[in-house]
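Asks: Need coordinates for the following:
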Amino acid sequence: MASAQPKLLFPGLAGFYAAVGPAAYTFVRAVVGIIMVVHGWGKVTGPGPSGVATMFGRLALPMADLLAYIAIFLEVVGGACLVIGLFTRFFAAGLAIEMLIALLTVHWAKGFMVNQGGYEFVLLIGAVLFAIAIRGGGPWSVDAKIGKEL
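Replies: Predicted structure coming up:
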């Protein structure tokens, strides 16, 4: 029966990969969280909740006012929670759903390429958020320190 793990071409790197694996995952989780915080903060300092609600209304999203506040909350608070790894699964799942909605309502019609307003970046961020929602906070997270996850 074949081994589930492929053999390394340079077996001497196994210890390095094992040692930096948790740090690499934490890095990815934190970077995506920072991206979401900055994106959400731009909504706060730019158009504000009413401007976001107006845009959502133009997209024919139901309850645009409520959705604007939810989007801002998810991006700012949820992104910050991703950075520290608190309620990681909950916020990553919520943000992944938000990215799916953005992909379908805003970016899909513009095609794939991000430089043309397409869904390339939203798809990548959404896929990473989905993977984080499945995996959780990881060993270097507040969730791990308190010993509980959603």
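
Asks: From now on I want contacts and neighbour counts done on CA atoms only, so please keep to that.
Replies: Noted.

Asks: Can you tell me the element the nearest residue to residue 69 once chain neighbours are set aside falls in?
Replies: Once flanking residues are discounted, residue 69 sits nearest to residue 49: 6.2 Å by CA to CA, 6 or more residues apart in numbering. Element membership for residue 49, per DSSP states H and E: helix 48-58.

Asks: next one: residue 36
Replies: Using DSSP H and E, residue 36 falls in helix 14-45.

Asks: Let me see the contact set for the most centrally placed residue in the chain.
Replies: In the chain, the centroid-proximal residue (CA atoms, centre = their mean) is residue 129; its distance is 3.6 Å. Shown in contact with residue 129 (CA atoms under 8 Å, 6 or more residues apart in numbering): 32, 92-93, 95-96.

Asks: one more time with 10 Å
Replies: If you count contacts by CA atoms under 10 Å, 6 or more residues apart in numbering, residue 129 has them with 28-29, 32-33, 82, 88-89, 91-97, 99, 123, 135.

Asks: quick one: pLDDT of the residue nearest to residue 50 when sequence neighbours are not counted?
Replies: Counting by CA to CA, 6+ apart, residue 65 is the residue found nearest to residue 50 once chain neighbours are left out, at 7.0 Å. We have a pLDDT of 97 for residue 65.

Asks: Run through who's touching the one helix or strand residue 65 maps to.
Replies: Applying DSSP H and E as the criterion places residue 65 in helix 64-73. Contact with helix 64-73 is made by 36-37, 39-44, 48-58, 61, 74-79, 94-95, 98-99, as judged by CA under 10 Å, 6+ apart.

Asks: Pull out the buried positions in it.
Replies: For helix 64-73, the neighbour count (16 or more other CA atoms under 10 Å) marks 64-65, 67-69, 71-73 as buried.
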